[in-house]
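1. attaching a predicted model along with its sequence, questions to come.
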Amino acid sequence: MGQMTTKEYLENVQVGIENELARNVQALPEGFNKQRFTLNCITVMKDNLKDFSGIDTVSVAVAFAKGAYLGLDFFNKECYAIPYSGKVNFQTDYKGEIKLAKRYSKNPIKDIYAKNVREGDFFEERIENGNQIVNFRPEPFSDKKIIGTFAVVLYKDGSMMYDTMSVSEIEHTRTSYSKAANSKAWKQSPGEMYKKTVLRRLCKMIDLDFDNIEQQQAFDDGSDFDLNKNIIEGEAREIATDPFKASEEPTEAEEVDVTQQ
(Lines give C-alpha, C1' and ligand atoms only; values in the text may rest on other atoms or scores of the structure.)
Protein backbone atom coordinates (compact mmCIF):
# COMPACT_ATOMS: atom_id res chain seq x y z
CA MET A 1 0.00 0.00 0.00
CA GLY A 2 3.05 2.24 -0.35
CA GLN A 3 3.30 5.13 2.07
CA MET A 4 -0.45 5.24 2.72
CA THR A 5 -1.89 4.16 6.03
CA THR A 6 -4.63 1.52 6.08
CA LYS A 7 -7.20 4.23 6.77
CA GLU A 8 -6.01 6.32 3.82
CA TYR A 9 -5.97 3.30 1.53
CA LEU A 10 -9.57 2.37 2.38
CA GLU A 11 -10.67 5.99 2.04
CA ASN A 12 -9.10 6.14 -1.42
CA VAL A 13 -10.84 2.93 -2.44
CA GLN A 14 -14.17 4.28 -1.20
CA VAL A 15 -13.72 7.51 -3.14
CA GLY A 16 -12.66 5.51 -6.19
CA ILE A 17 -15.81 3.36 -6.05
CA GLU A 18 -18.00 6.44 -5.64
CA ASN A 19 -16.32 8.10 -8.64
CA GLU A 20 -16.73 5.01 -10.81
CA LEU A 21 -20.42 4.75 -9.98
CA ALA A 22 -20.97 8.47 -10.58
CA ARG A 23 -19.17 8.24 -13.92
CA ASN A 24 -21.35 5.33 -15.06
CA VAL A 25 -24.59 6.08 -13.25
CA GLN A 26 -26.60 5.08 -16.33
CA ALA A 27 -25.27 1.52 -15.95
CA LEU A 28 -26.66 1.03 -12.44
CA PRO A 29 -29.84 -1.02 -11.89
CA GLU A 30 -33.02 0.83 -11.00
CA GLY A 31 -33.28 1.52 -7.26
CA PHE A 32 -29.59 0.75 -6.67
CA ASN A 33 -28.38 1.88 -3.21
CA LYS A 34 -24.91 3.31 -3.88
CA GLN A 35 -24.14 4.15 -0.25
CA ARG A 36 -24.96 0.70 1.10
CA PHE A 37 -23.11 -0.97 -1.76
CA THR A 38 -19.95 1.08 -1.14
CA LEU A 39 -19.98 0.43 2.61
CA ASN A 40 -20.40 -3.31 1.98
CA CYS A 41 -17.39 -3.25 -0.35
CA ILE A 42 -15.23 -1.56 2.29
CA THR A 43 -16.38 -4.09 4.89
CA VAL A 44 -15.35 -6.93 2.58
CA MET A 45 -11.96 -5.29 2.05
CA LYS A 46 -11.36 -4.88 5.78
CA ASP A 47 -11.86 -8.62 6.27
CA ASN A 48 -9.29 -9.43 3.57
CA LEU A 49 -7.04 -6.38 3.68
CA LYS A 50 -3.71 -8.21 3.55
CA ASP A 51 -4.65 -9.71 0.18
CA PHE A 52 -4.87 -6.21 -1.33
CA SER A 53 -1.39 -5.14 -0.25
CA GLY A 54 0.40 -3.18 -2.97
CA ILE A 55 -2.58 -3.09 -5.34
CA ASP A 56 -3.53 0.23 -6.88
CA THR A 57 -6.78 1.62 -5.47
CA VAL A 58 -8.11 2.39 -8.96
CA SER A 59 -7.89 -1.28 -9.90
CA VAL A 60 -9.78 -2.18 -6.73
CA ALA A 61 -12.51 0.38 -7.37
CA VAL A 62 -13.04 -0.70 -10.98
CA ALA A 63 -13.45 -4.35 -9.92
CA PHE A 64 -16.01 -3.47 -7.26
CA ALA A 65 -17.95 -1.23 -9.65
CA LYS A 66 -18.55 -4.17 -11.99
CA GLY A 67 -20.58 -5.85 -9.27
CA ALA A 68 -22.67 -2.69 -8.95
CA TYR A 69 -23.55 -2.64 -12.66
CA LEU A 70 -24.92 -6.17 -12.34
CA GLY A 71 -26.71 -5.50 -9.05
CA LEU A 72 -24.68 -8.17 -7.24
CA ASP A 73 -23.65 -8.01 -3.59
CA PHE A 74 -20.04 -8.71 -2.56
CA PHE A 75 -21.04 -8.88 1.11
CA ASN A 76 -23.53 -11.70 0.41
CA LYS A 77 -20.92 -13.44 -1.75
CA GLU A 78 -22.82 -13.17 -5.01
CA CYS A 79 -19.54 -11.98 -6.52
CA TYR A 80 -15.92 -11.42 -5.52
CA ALA A 81 -13.06 -8.98 -6.00
CA ILE A 82 -10.06 -11.31 -6.12
CA PRO A 83 -6.54 -9.87 -5.80
CA TYR A 84 -4.25 -11.90 -8.05
CA SER A 85 -0.91 -11.15 -9.71
CA GLY A 86 -0.92 -7.50 -8.69
CA LYS A 87 -4.42 -6.66 -9.89
CA VAL A 88 -8.00 -7.29 -8.85
CA ASN A 89 -10.20 -9.65 -10.83
CA PHE A 90 -13.97 -9.36 -10.68
CA GLN A 91 -15.64 -12.76 -10.50
CA THR A 92 -19.26 -13.80 -10.16
CA ASP A 93 -20.23 -16.57 -7.77
CA TYR A 94 -22.50 -19.50 -8.55
CA LYS A 95 -25.34 -17.70 -6.73
CA GLY A 96 -24.68 -14.56 -8.75
CA GLU A 97 -24.77 -16.48 -12.04
CA ILE A 98 -28.21 -17.85 -11.19
CA LYS A 99 -29.49 -14.43 -10.18
CA LEU A 100 -28.32 -12.86 -13.43
CA ALA A 101 -29.69 -15.63 -15.63
CA LYS A 102 -33.13 -15.32 -14.05
CA ARG A 103 -33.09 -11.54 -14.29
CA TYR A 104 -31.85 -11.11 -17.86
CA SER A 105 -33.01 -14.18 -19.80
CA LYS A 106 -35.29 -13.23 -22.69
CA ASN A 107 -37.14 -16.51 -22.24
CA PRO A 108 -38.44 -16.37 -18.62
CA ILE A 109 -36.74 -18.96 -16.42
CA LYS A 110 -38.60 -21.12 -13.93
CA ASP A 111 -35.46 -22.61 -12.40
CA ILE A 112 -31.76 -22.91 -13.12
CA TYR A 113 -29.11 -24.77 -11.16
CA ALA A 114 -26.03 -27.00 -11.30
CA LYS A 115 -25.30 -30.20 -9.40
CA ASN A 116 -22.14 -32.22 -8.79
CA VAL A 117 -22.38 -35.94 -9.46
CA ARG A 118 -20.41 -38.17 -7.08
CA GLU A 119 -19.36 -41.80 -7.24
CA GLY A 120 -22.38 -43.94 -6.43
CA ASP A 121 -24.96 -41.36 -7.54
CA PHE A 122 -27.45 -42.25 -10.27
CA PHE A 123 -27.23 -39.93 -13.26
CA GLU A 124 -28.89 -40.49 -16.60
CA GLU A 125 -29.23 -38.33 -19.69
CA ARG A 126 -31.05 -39.39 -22.81
CA ILE A 127 -33.25 -38.17 -25.64
CA GLU A 128 -36.53 -40.05 -25.95
CA ASN A 129 -39.05 -39.30 -28.70
CA GLY A 130 -37.24 -36.04 -29.28
CA ASN A 131 -37.48 -34.98 -25.65
CA GLN A 132 -34.43 -34.32 -23.47
CA ILE A 133 -34.47 -36.26 -20.23
CA VAL A 134 -32.21 -35.87 -17.22
CA ASN A 135 -32.57 -38.08 -14.14
CA PHE A 136 -30.44 -37.58 -11.04
CA ARG A 137 -30.69 -39.38 -7.72
CA PRO A 138 -27.74 -38.64 -5.42
CA GLU A 139 -26.69 -40.76 -2.48
CA PRO A 140 -27.78 -38.90 0.68
CA PHE A 141 -25.05 -36.83 2.37
CA SER A 142 -22.34 -38.38 0.21
CA ASP A 143 -18.76 -37.16 0.50
CA LYS A 144 -17.50 -39.47 -2.24
CA LYS A 145 -15.36 -38.23 -5.11
CA ILE A 146 -17.00 -35.85 -7.61
CA ILE A 147 -16.91 -37.39 -11.10
CA GLY A 148 -18.80 -34.76 -13.08
CA THR A 149 -21.17 -31.82 -13.01
CA PHE A 150 -24.32 -30.87 -14.88
CA ALA A 151 -26.40 -27.70 -15.17
CA VAL A 152 -30.07 -27.37 -16.12
CA VAL A 153 -32.28 -24.44 -17.08
CA LEU A 154 -36.04 -24.93 -17.01
CA TYR A 155 -38.09 -22.29 -18.80
CA LYS A 156 -41.60 -21.24 -17.85
CA ASP A 157 -42.82 -22.32 -21.30
CA GLY A 158 -41.90 -25.94 -20.45
CA SER A 159 -38.73 -26.17 -22.54
CA MET A 160 -35.29 -26.89 -21.11
CA MET A 161 -31.57 -26.98 -21.86
CA TYR A 162 -28.73 -28.64 -20.01
CA ASP A 163 -25.00 -29.18 -20.19
CA THR A 164 -22.59 -31.69 -18.65
CA MET A 165 -18.85 -31.79 -18.01
CA SER A 166 -16.64 -34.48 -16.53
CA VAL A 167 -14.17 -33.52 -13.81
CA SER A 168 -11.33 -34.02 -16.27
CA GLU A 169 -12.96 -31.54 -18.69
CA ILE A 170 -13.43 -29.01 -15.93
CA GLU A 171 -9.87 -29.42 -14.65
CA HIS A 172 -8.50 -29.06 -18.18
CA THR A 173 -10.49 -25.85 -18.58
CA ARG A 174 -9.22 -24.65 -15.21
CA THR A 175 -5.54 -25.32 -15.84
CA SER A 176 -5.57 -24.09 -19.43
CA TYR A 177 -7.84 -21.05 -19.30
CA SER A 178 -8.60 -19.92 -15.75
CA LYS A 179 -7.55 -16.38 -14.88
CA ALA A 180 -6.56 -17.62 -11.41
CA ALA A 181 -6.28 -21.41 -11.46
CA ASN A 182 -4.72 -21.49 -7.98
CA SER A 183 -7.03 -18.98 -6.33
CA LYS A 184 -8.62 -19.57 -2.93
CA ALA A 185 -11.92 -20.36 -4.64
CA TRP A 186 -10.46 -23.27 -6.61
CA LYS A 187 -8.39 -24.53 -3.68
CA GLN A 188 -10.98 -24.21 -0.92
CA SER A 189 -14.28 -24.70 -2.79
CA PRO A 190 -13.63 -26.78 -5.91
CA GLY A 191 -17.16 -28.20 -5.90
CA GLU A 192 -18.67 -24.73 -6.12
CA MET A 193 -16.26 -23.80 -8.90
CA TYR A 194 -17.20 -26.96 -10.80
CA LYS A 195 -20.85 -25.91 -10.64
CA LYS A 196 -20.06 -22.38 -11.70
CA THR A 197 -17.95 -23.59 -14.65
CA VAL A 198 -20.75 -25.70 -16.13
CA LEU A 199 -23.41 -23.13 -15.30
CA ARG A 200 -21.40 -20.38 -17.00
CA ARG A 201 -21.09 -22.52 -20.12
CA LEU A 202 -24.82 -23.20 -20.09
CA CYS A 203 -25.44 -19.46 -19.77
CA LYS A 204 -23.68 -19.03 -23.12
CA MET A 205 -26.65 -20.85 -24.67
CA ILE A 206 -29.21 -18.75 -22.79
CA ASP A 207 -30.28 -15.60 -24.59
CA LEU A 208 -29.41 -12.95 -22.01
CA ASP A 209 -30.49 -9.37 -22.68
CA PHE A 210 -28.57 -6.91 -20.51
CA ASP A 211 -29.72 -3.31 -20.12
CA ASN A 212 -26.44 -1.73 -21.24
CA ILE A 213 -22.93 -2.46 -22.45
CA GLU A 214 -21.41 -1.99 -19.00
CA GLN A 215 -23.52 -4.83 -17.64
CA GLN A 216 -22.62 -7.07 -20.58
CA GLN A 217 -18.92 -6.33 -20.13
CA ALA A 218 -19.09 -6.90 -16.37
CA PHE A 219 -20.80 -10.26 -16.95
CA ASP A 220 -18.11 -11.29 -19.43
CA ASP A 221 -15.37 -10.14 -17.03
CA GLY A 222 -17.03 -12.08 -14.19
CA SER A 223 -16.12 -15.39 -15.77
CA ASP A 224 -13.22 -17.26 -14.20
CA PHE A 225 -11.93 -17.90 -17.71
CA ASP A 226 -10.19 -15.85 -20.37
CA LEU A 227 -12.99 -15.46 -22.90
CA ASN A 228 -10.56 -14.20 -25.53
CA LYS A 229 -9.47 -17.81 -25.90
CA ASN A 230 -13.09 -18.83 -26.60
CA ILE A 231 -12.94 -21.84 -24.31
CA ILE A 232 -16.45 -21.46 -22.96
CA GLU A 233 -18.08 -20.44 -26.21
CA GLY A 234 -16.16 -22.91 -28.34
CA GLU A 235 -16.52 -26.00 -26.22
CA ALA A 236 -20.15 -25.26 -25.39
CA ARG A 237 -21.02 -25.25 -29.09
CA GLU A 238 -19.05 -28.39 -29.74
CA ILE A 239 -20.23 -30.40 -26.76
CA ALA A 240 -23.61 -29.12 -25.79
CA THR A 241 -25.55 -27.20 -28.38
CA ASP A 242 -26.43 -30.00 -30.79
CA PRO A 243 -28.71 -32.14 -28.56
CA PHE A 244 -29.05 -29.58 -25.82
CA LYS A 245 -29.93 -26.37 -27.62
CA ALA A 246 -33.33 -24.76 -27.20
CA SER A 247 -35.48 -25.19 -30.29
CA GLU A 248 -37.00 -22.19 -32.03
CA GLU A 249 -40.49 -23.48 -31.20
CA PRO A 250 -41.36 -24.28 -27.56
CA THR A 251 -41.01 -27.98 -26.84
CA GLU A 252 -43.39 -30.07 -24.80
CA ALA A 253 -42.55 -30.32 -21.11
CA GLU A 254 -39.74 -32.84 -20.67
CA GLU A 255 -39.30 -35.31 -17.86
CA VAL A 256 -36.81 -33.85 -15.42
CA ASP A 257 -36.33 -35.91 -12.27
CA VAL A 258 -33.52 -34.00 -10.63
CA THR A 259 -32.64 -32.75 -7.17
CA GLN A 260 -33.64 -29.11 -6.83
CA GLN A 261 -31.64 -26.53 -4.94
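-> Okay, I see it.

2. tell me the strands in the stretch 101-250 of the chain, going along the chain?
-> Remark: strands assigned in the stretch 101-250 of the chain by DSSP state E, counting those that start in this stretch are 109-118, 122-128, 131-137, 146-155, 160-166.

3. could those go into TSV alongside distance to E214?
-> For every residue, glycine as well, the C-beta is placed using N, CA and C. Below are the strands of the stretch 101-250 of the chain laid out as TSV (distance: least, CB to CB, whole Å):
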stretch	distance to E214
strand 109-118	23
strand 122-128	37
strand 131-137	35
strand 146-155	25
strand 160-166	27
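
4. JSON lines for the ones you listed, including distance to K87 and mean neighbour count?
-> As requested, the strands of the stretch 101-250 of the chain are exported to JSON lines (distance: least, CB to CB, whole Å; neighbours: other CB atoms under 10 Å):
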{"stretch": "strand 109-118", "distance to K87": "28", "mean neighbour count": "19"}
{"stretch": "strand 122-128", "distance to K87": "39", "mean neighbour count": "12"}
{"stretch": "strand 131-137", "distance to K87": "39", "mean neighbour count": "16"}
{"stretch": "strand 146-155", "distance to K87": "29", "mean neighbour count": "22"}
{"stretch": "strand 160-166", "distance to K87": "28", "mean neighbour count": "21"}
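
5. now these in JSON lines, with distance to S53 and mean pLDDT?
-> Formatted as JSON lines, the strands of the stretch 101-250 of the chain follow (distance: least, CB to CB, whole Å; pLDDT from 0 to 100):
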{"stretch": "strand 109-118", "distance to S53": "34", "mean pLDDT": "98"}
{"stretch": "strand 122-128", "distance to S53": "44", "mean pLDDT": "94"}
{"stretch": "strand 131-137", "distance to S53": "44", "mean pLDDT": "94"}
{"stretch": "strand 146-155", "distance to S53": "34", "mean pLDDT": "98"}
{"stretch": "strand 160-166", "distance to S53": "35", "mean pLDDT": "96"}
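
6. mind checking these for the one nearest to E20?
-> strand 109-118 (29.6 Å; CB to CB).

7. does P29 touch L72 like I think?
-> No: contact criterion CB atoms under 8 Å: P29 and L72 do not qualify, at 9.7 Å.

8. tell me which of these two has more neighbours.
-> A direct count of neighbours by other CB atoms under 10 Å for P29 and L72 places L72 higher, at 26 against 13.

9. need the contact list for that one.
-> E78, C79, T92, G96, K99, L100 (CB atoms under 8 Å, 6 or more residues apart in numbering).

10. helix/strand/coil for it?
-> coil (DSSP: H, G, I helix; E, B strand; the rest coil).

11. quick check: it vs S53, distance?
-> 25 Å (CB to CB, to the nearest Å).

12. got it, and A101?
-> A101 is 35 Å from S53, by CB to CB.

13. picking that back up, any idea which of the strands of the stretch 101-250 of the chain gets closest to F219?
-> strand 109-118 (14.9 Å).

14. centre of the chain to that closest one, how far?
-> Put simply, strand 109-118 sits 13 Å off its chain's centre (CA atoms, centre = their mean, to the nearest Å).

15. before we move on, what about stretch 194-201?
-> 7 Å.

16. contacts for that stretch?
-> Counting by CB under 8 Å, 6+ apart, 92-94, 97-98, 101, 112-116, 146, 149-151, 163-165, 167, 170, 173-174, 223-225, 232, 235-236, 240 sit against stretch 194-201.

17. ok, back up a step: dump the contacts of L72 to JSON lines, plus distance to P138.
-> Formatted as JSON lines, the contacts of L72 follow (distance: CB to CB, whole Å):
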{"residue": "E78", "distance to P138": "25"}
{"residue": "C79", "distance to P138": "28"}
{"residue": "T92", "distance to P138": "25"}
{"residue": "G96", "distance to P138": "24"}
{"residue": "K99", "distance to P138": "24"}
{"residue": "L100", "distance to P138": "26"}
